[in-house]
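J.: Structure for the following, please:
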Amino acid sequence: MKKMKKENPVAAIFGFAGEEKKKLMLSAIISVLSVFSGLIPYVVAAKLLDTLIAGNLENENIIKFGLLGLGAFIMQEVLNSISTYISHGVAFKTLSNIRVALIDKISKTSMGYIKGQPLGNFKKTIMDDVESLEYVLAHAVPEVTSNIIAPIVLIVYLFTINWSIALASLASAIIGFIITGIMMAGGAMKIFKMFTEGSAKMNSNVIEYVNGMEVIKVFNQTASSMKRYEGSVINYRDVMGNWFKHCWPFLAANNVITPLSIAFVLPAASFSYMNGNMSITNMILSMVISLGIAGPLIKLVKFTDHLNEIIMVNGKLKEIFNAPEIAEGNKAANIKDNGIKAENIVFGYSDTEIIHNISFEAAPGTMTALVGASGSGKSTIAKLIARFYEVNSGTIKIGGMNIKDMLFDKYTDLISYVSQDNYLPNMSLKDNILMGKPGATEKEVMFAAKAAGCDEFISKFEKGYDTLVGDAGDRLSGGERARITIARAIIKNAPIVILDEATASIDPENESKIQNALDKLSKGKTLIVIAHRLSTIVNADNIIVMDKGNIAAQGTHKKLLEESEIYKNMWEAHIGAKQWSMNKELDVSKKIIDKKIAEVR
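T.: Residues are numbered from 1 along each chain as shown. As a prediction, the model looks like this:
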C-alpha cells in the first residue's frame, strides 16, 4: 500500500478513480456542451428583441426562434443528464475504491495502531466521511470544468463587442469571490475542523454508549453516561452553530451580489450606446449574455463550499494511509519444521516497554503454555507470534526463518489463532467456518463442525448451516460461538495453533466439549496456550511463567512446583478456588437432596 503523498487534496481524492478518469473527461466534455446549449436561449432572446425593435418580427420568426430556444433547452437537459449519469457512476466506483483501499490498509497495520484510535473513528471515516465525497466526485470535474469554460468564452465574446461591458460583467463575480475569500480568511477552516472533530467525538460516544448498554444498565450508570453523551451532542451543536453563524452572512451576501451582473452591465451598455460606441443590437445582446455568466459562476462559488470538506476528509484518509504497516517480507514460508524460537524480543507501546528482552523456544509438535498474572505479558507474546503486533527488537523465527522475511499471506497460513473473543460476522454458520479455508468443500465444513462439536446445535436450526449468525441471535451461547471459531481453525489445519484463553469465559458444561474440540484441533501441531486454569496445562511440555514482562521461570509442571515460588502460589490459589467451587456445588446438591427428602416425608 502506497502512502498518500499528493499535497493537492482534490488530486489525491481523484487518484482513486483509476481508469475511470477517462469517463470523467467524457463527462466534462458533455457538461460543457450542456452549458453552451443552455446559453443559446439567451442569444435567441437577444435576437428576438433585436428583430422586434427593427420591426421585422413575423410569425415565422417567432416560431423559428421559439423552436430553436426550446430545442436548445431540451438539449441542455439531455446532455446534463448524460454527463451526470456518467460522473455519478465514476463517483460510486471511486468511493468503492477508497473504502476497499482503507480496509486493505487497516488490515496491514498493527493492532496497536487500530486499538489506539477512538471508538467509532474508522467507522466514521470509512462510511460517513467517504460518503460525503460523493457530491464532489460526481460534480467536480464536469460541472467545475463547464462552469469555468462557459463564462470565459462569454466574457471573451463580450470583449469583442465592448471591453467596458466585458469588465462590467465581471464586477459582481469579483465582488462575490472577494466575499468568499474574506469568509475563508476569517477562520472558516479552523471552525470547520472543530465541526468535524465534534462530529467524530459524538459518533464515537454514541457507539460506545450503545455497545456498553448492558454494563451501563447493570451498574445503573445511565445518568453519568448520558451526561457524557449529552456533552458531545451539545458540543457538536455549538460548533455546528458557529460554522453556520460564521458562513451564512458571507454566503447570503455572495448569493445576492453575484447574480447582479446586469446591474453593472446595464449602465455600462447604456452609456456606450448613448455615446454611439455600440449598436442597439449589441447592447441588447451584451445585457442578455451577461445574465448567462452569473449562473455558472454561482455554481462555481457554491462548489468552493465543499473544498473545506475535501481538505478535512483528505487529511483523515492520509492519516490512515500513512500509518505504519507491519513489515512484509518477500519470501515464501520455506521452513524446516513448525518450531518457534523467540530471541531477545522487546516490545512496547510508545515509550512504555511491556516485554523486556525475553527468549524461549517451542519445539515442533509440543505444547508450550504461558501463565502469569493479568498484565504480565503472556497474551502480548501470543499476539507477537501471530504478528498482530511487531516486535521493537529481537526476532521470532518459525522453522529457523524470521517471520518478518515471509510474505504475510504465506505466514498467516501457518497460524491458527483462537481467543476468548469469539467474533462471528453476520454471515451463515457455514460461511463463518469457511473463513478458515475459503473454497473448502461442504464435506470439509461438516467434518470440521463435527470435530468441534458444532453439528449438535447447528442441526437444531431450521436452515441448518445456512442460518445467519444474526438470525441465530441469543440462541448461540458463548460456548457454541467458541466451537464455531474452533471449527474455523480446524478447517484451516494450520501447523501452529495459538489458544489465547480460549475457554476463559466458558461455562463448565461447555468447557469439556470445547476442550475435546481443542484437543482435536491441536493434535500433531505446535501449540501455544495462554491458560487461565492451570489444571488444563499440567501436561504441557514447557510452561513459561511471566512476571511483569519478564520470564520468571520455565519448565514442566512438576519442575516449576519445586523451583518457582510464583508458579507454586498460582497453583495453590487455583487448587483452592477449584476446591471452593466443588464444595459449593456439593453444598447446593446437598440442600436439593434434603429438600426432596423432606417433600417425600
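J.: got the residue ranges for the strands in the stretch 201-350 of the chain?
T.: Per DSSP state E, counting those that start in this stretch, the stretch 201-350 of the chain carries strands over the ranges 340-349.
J.: correction: the chain
T.: Residue ranges of the strands in the chain, as given by DSSP state E, are 340-349, 352-362, 367-372, 393-398, 401-402, 415-419, 496-500, 526-530, 542-547, 550-555.
J.: want to throw those into a markdown table with distance to Lys383?
T.: Every residue, glycine included, has its C-beta placed from N, CA and C. Putting the strands of the chain into a markdown table (distance: least, C-beta to C-beta, whole Å) gives the following:
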| stretch | distance to Lys383 |
| --- | --- |
| strand 340-349 | 9 |
| strand 352-362 | 10 |
| strand 367-372 | 11 |
| strand 393-398 | 11 |
| strand 401-402 | 18 |
| strand 415-419 | 9 |
| strand 496-500 | 8 |
| strand 526-530 | 10 |
| strand 542-547 | 13 |
| strand 550-555 | 17 |
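J.: Can you lay out these as TSV showing mean pLDDT, distance to Leu468 and mean neighbour count?
T.: Listed next are these as TSV, based on pLDDT from 0 to 100; distance: least, C-beta to C-beta, whole Å; neighbours: other C-beta atoms under 10 Å:
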stretch	mean pLDDT	distance to Leu468	mean neighbour count
strand 340-349	91	37	17
strand 352-362	91	38	16
strand 367-372	90	36	24
strand 393-398	92	36	17
strand 401-402	88	40	16
strand 415-419	86	22	22
strand 496-500	88	27	24
strand 526-530	90	31	24
strand 542-547	92	40	22
strand 550-555	92	45	18
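J.: Out of the ones you listed, the one nearest Ile486 is which?
T.: For Ile486, the closest of these is strand 415-419, at 6.0 Å, according to C-beta to C-beta.
J.: What are the contacting residues of the closest one?
T.: 382, 385-387, 436, 482, 485-486, 489, 492-494, 496-502, 518, 521, 525 (C-beta atoms under 8 Å, 6 or more residues apart in numbering).
J.: now do 10 Å
T.: When contacts are defined by C-beta atoms under 10 Å, 6 or more residues apart in numbering, strand 415-419 is touched by residues 379, 382-383, 385-388, 398, 403, 436, 482, 485-486, 488-504, 514, 517-518, 521-522, 525-528, 530.
J.: now swap in stretch 41-52 and tell me
T.: Identification of contacts with stretch 41-52 by C-beta under 10 Å, 6+ apart yields 56-58, 61-62, 64-73, 76, 154, 279-293, 295.
J.: Identify the residue nearest the geometric centre of the chain.
T.: Nearest to the centroid of the C-alpha atoms of the chain, with distances taken as C-alpha atoms, centre = their mean, sits Ile126, at 3.0 Å.
J.: right, and that residue touches Arg99 too?
T.: Yes. Using C-beta atoms under 10 Å, Ile126 is in contact with Arg99, at 5.6 Å.
J.: Tell me the confidence at the nearest residue to Leu158 once chain neighbours are set aside?
T.: Leaving aside its sequence neighbours, Leu158 sits nearest to Ala166 (C-beta to C-beta, 6 or more residues apart in numbering; 3.8 Å). Each residue has a pLDDT score; the one for Ala166 is 85.
J.: what's near enough to touch Ala166?
T.: Going by C-beta under 10 Å, 6+ apart, Ala166 touches 154-160, 265, 268, 286, 289-290, 293.
J.: at 6 Å what do you get?
T.: 155, 158-159 (C-beta atoms under 6 Å, 6 or more residues apart in numbering).
J.: Buried ones among those residues?
T.: 155, 158 (16 or more other C-beta atoms under 10 Å).
J.: which among the contacts of Ala166 gets closest to Met194?
T.: Among these, Ile155 lies closest to Met194 (C-beta to C-beta), at 38.6 Å.
J.: And the pLDDT at the closest one?
T.: Looking at Ile155, its pLDDT is 85.
J.: Could you report the separation of it from Ile551?
T.: 78 Å (C-beta to C-beta, to the nearest Å).
J.: Same check on Tyr85?
T.: Taken as C-beta to C-beta, the span from Tyr85 to Ile551 is 65 Å.
J.: Quick check: PyMOL command selecting the buried ones in the contacts of strand 415-419.
T.: Entered in PyMOL, the line below selects the buried ones among those, by 16+ other C-beta under 10 Å:
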select buried, resi 379+382+383+385+386+387+388+398+403+436+482+485+486+488+489+490+491+492+493+494+495+496+497+498+499+500+501+502+503+514+517+518+521+522+525+526+527+528+530
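J.: Can you pull out the low-pLDDT segments for the stretch 451-600 of the chain?
T.: Scanning the stretch 451-600 of the chain for pLDDT under 70 picks out 471-475, 502-514, 576-600.
J.: And the helices in it?
T.: All helices of the stretch 451-600 of the chain, identified by DSSP state H, counting those that start in this stretch, fall at 455-458, 469-472, 478-492, 508-522, 557-563, 565-600.
J.: Give the buried residues for the fifth one.
T.: If I follow you right, that is helix 557-563. 557, 560.
J.: roughly how far out does that helix sit from the chain middle?
T.: Centroid separation for helix 557-563 versus its chain: 49 Å, with C-alpha atoms, centre = their mean, to the nearest Å.
J.: what's next to that helix, contact-wise?
T.: Helix 557-563 has contacts (C-beta under 6 Å, 6+ apart) with 538, 543, 553, 567-568.
J.: Mind doing that once more with 10 Å?
T.: Contacts of helix 557-563 with the rest of the structure, by C-beta under 10 Å, 6+ apart, involve 369, 371, 534-535, 537-540, 542-545, 552-556, 566-568, 570-572.
J.: Over to the first one?
T.: Among residues not part of helix 455-458, those counted as contacts by C-beta under 10 Å, 6+ apart are 429-430, 433, 446-450, 464-467, 472, 475-477, 479-480, 483-484, 487, 513.
J.: mind redoing it with 6 Å?
T.: With contact meaning C-beta under 6 Å, 6+ apart, helix 455-458 is reached by 429, 449, 464-465, 480.
J.: tell me which residues of it are tucked away?
T.: Those would be 455, 457-458, for helix 455-458 by 16+ other C-beta under 10 Å.
J.: Alpha carbons only: can I get it in CSV?
T.: Taking Å, rounded to 0.1, in the frame of the first residue of the first chain, the C-alpha atoms of helix 455-458 are listed here in CSV:
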residue,chain,number,x,y,z
ASP,A,455,-23.2,-30.2,14.4
GLU,A,456,-25.3,-31.0,17.5
PHE,A,457,-26.6,-27.4,17.9
ILE,A,458,-26.5,-26.4,14.2
